[in-house]
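> The amino acid sequence is not available; the structure is as follows:
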Ligand code: ADP
Ligand code: MG
């Protein structure tokens with residue numbers, strides 16, 4: 001199904017498992033000839049039966065944007081055997097942002113603002129290329145190196161991404177993503193596009209600062225109802241007492257229910273919480 005399968009099948013030796021997601025296992029892989037390390041996404045063809053278009057789509061999107069931005073994982077190679085499809089990426093050795101949040105409990109405002117600014121730079125690039133990611137969440141944000149450096153955060157997993165036609169705000173209608181990060185318009189099936197990534201960034205920013213997500217409820221149904229109603233609070237107070245009104249305003253803007261009124265990536269980068277004169281950047285430089 002991949003247009004140009006590599007004819008030499010064993011150029012890589014796979015090692016330990018780095019992570020797994022919905023359709024794939026990602027393993028460390030060494031390119032035998034060059035001794036270079038990569039992350040190899042192994043997709044079982046049988047498991048993907050009927051959904052092969054998702055992999056084709058992921059490859060097409062990555063070809064369009066790979067190497068175009070320092071904070072997006074680069075696809076180096078892809079090939080297939082009779083059982084599996086293989087996508088070889090830059091190896092990110094620093095792990096998932098999800099694990100860093102869990103290890104720290106919560107991020108300081110300065111570190112959170114640095115990370116969010118870096119991620120938004122890459123989101124803006126993706127959107128300018130006409131692509132919507134649709135699955136932004138801390139499990140799909142990886143540190144290139146160990147050490148949690150805010151400049152090292154990379155956007156990965158373009159499995160659910162789509163290429164959009166110019167200026168259409170309501171093209172996509174399928175329900176997909178990860179419930180806690182999904183925007184209200186996805187559940188309403190009224191059509192969705194780039195603004196869903198801004199909503200997800202609002203949820204991620206909330207998670208970074210509080211250590212928990214805003215729409216966590218006892219059931220998925222309640223969670224969906226909370227998202228559609230935009231029902232979240234900066235509570236309990238003990239988790240929010242050190243968080244500035246500017247940071248809260250930033251989150252609130254990202255979590256605007258109406259996608260047409262939600263800020264764009266460029267608007268977010270121009271928000272006082274993320275601009276150069278923000279106290280966080282003075283402090284952290
Ligand atoms: P899925 O589409 O199945 O969610 P992902 O592309 O998100 O697959 O990969 C699953 C997991 O594998 C990620 O959450 C991460 O832990 C790990 N992973 C993916 N890409 C890389 C990479 N380039 N470097 C290191 N780990 C990776
Ligand atoms: Mg994933």
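Thanks, I have it. Since the structure is predicted, the reported quantities are computational estimates derived from the model, not experimental observations. Numbering: from 1, shown residues only. Ligands and ions are numbered 1, 2, ... in the order given.
> and residue 147, what is it in contact with?
Residue 147 makes contact with residue 94, according to C-beta atoms under 8 Å, 6 or more residues apart in numbering. The way it works is simple: take the backbone N, C-alpha and C, and place the C-beta from them, glycine included.
> That one in helix, strand or coil?
coil (DSSP: H, G, I helix; E, B strand; the rest coil).
> again with residue 235
What three-state DSSP gives for residue 235 is coil.
> Counting neighbours, what do you get for the residue lying closest to residue 12 once chain neighbours are set aside?
Nearest residue to residue 12, sequence neighbours excluded (C-beta to C-beta, 6 or more residues apart in numbering): residue 29, at 4.3 Å. Neighbour count of residue 29, defined by other C-beta atoms under 10 Å: 25.
> State the distance from residue 29 to residue 19.
Distance check for residue 29 against residue 19: by C-beta to C-beta, to the nearest Å, it reads 13 Å.
> where does the residue nearest to residue 12 land on pLDDT?
pLDDT for residue 29: 95.
> and if you look at residue 165?
On pLDDT, residue 165 comes in at 66.
> pretty sure residue 143 is in contact with residue 100, am I right?
Yes - the criterion here is C-beta atoms under 8 Å, and residue 143 meets it with residue 100 at 7.1 Å.
> shared neighbours, the two?
By C-beta under 8 Å, 6+ apart, residue 143 and residue 100 have these common neighbours: residue 94.
> and residue 69, what does it touch?
Neighbour list for residue 69: 121-122, 125-126 [criterion: C-beta under 8 Å, 6+ apart].
> would it count as being in a strand?
No - remark: residue 69 does not belong to a strand; assigned using three-state DSSP, it is coil.
> Could you measure from it over to residue 215?
Per C-beta to C-beta, residue 69 is found 29 Å from residue 215.
> Likewise for residue 171?
Distance from residue 171 to residue 215, by C-beta to C-beta: 25 Å.
> Looking at the two, which one has more neighbours?
residue 215 (22 against 14).
> How about the contacts made by the more buried one?
With contacts defined as C-beta under 8 Å, 6+ apart, residue 215 is in contact with 180, 203, 223, 226-227, 231-232.
> Let's have the residues you listed in JSON lines, adding neighbour count.
JSON lines is the format used below for the contacts of residue 215 (neighbours: other C-beta atoms under 10 Å):
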{"residue": "180", "neighbour count": "18"}
{"residue": "203", "neighbour count": "25"}
{"residue": "223", "neighbour count": "18"}
{"residue": "226", "neighbour count": "17"}
{"residue": "227", "neighbour count": "26"}
{"residue": "231", "neighbour count": "12"}
{"residue": "232", "neighbour count": "18"}
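> Could you list which of the residues you listed belong to helices?
Of the positions in the contacts of residue 215, 203, 223, 226-227 sit in helices, assigned by DSSP state H.
> so which of the residues you listed comes closest to residue 243?
Of all the ones in helices among the contacts of residue 215, residue 203 has the smallest distance to residue 243: 15.2 Å, by C-beta to C-beta.
> Pull up the gap between the nearest residue to that closest one once chain neighbours are set aside and residue 242, please.
Nearest residue to residue 203, sequence neighbours excluded (C-beta to C-beta, 6+ apart): residue 181, at 4.9 Å. Distance, residue 181 to residue 242, by C-beta to C-beta: 24 Å.
> who's more crowded, these two?
Taking other C-beta under 10 Å, residue 181 and residue 242 do not tie; residue 181 has more neighbours (26 against 11).
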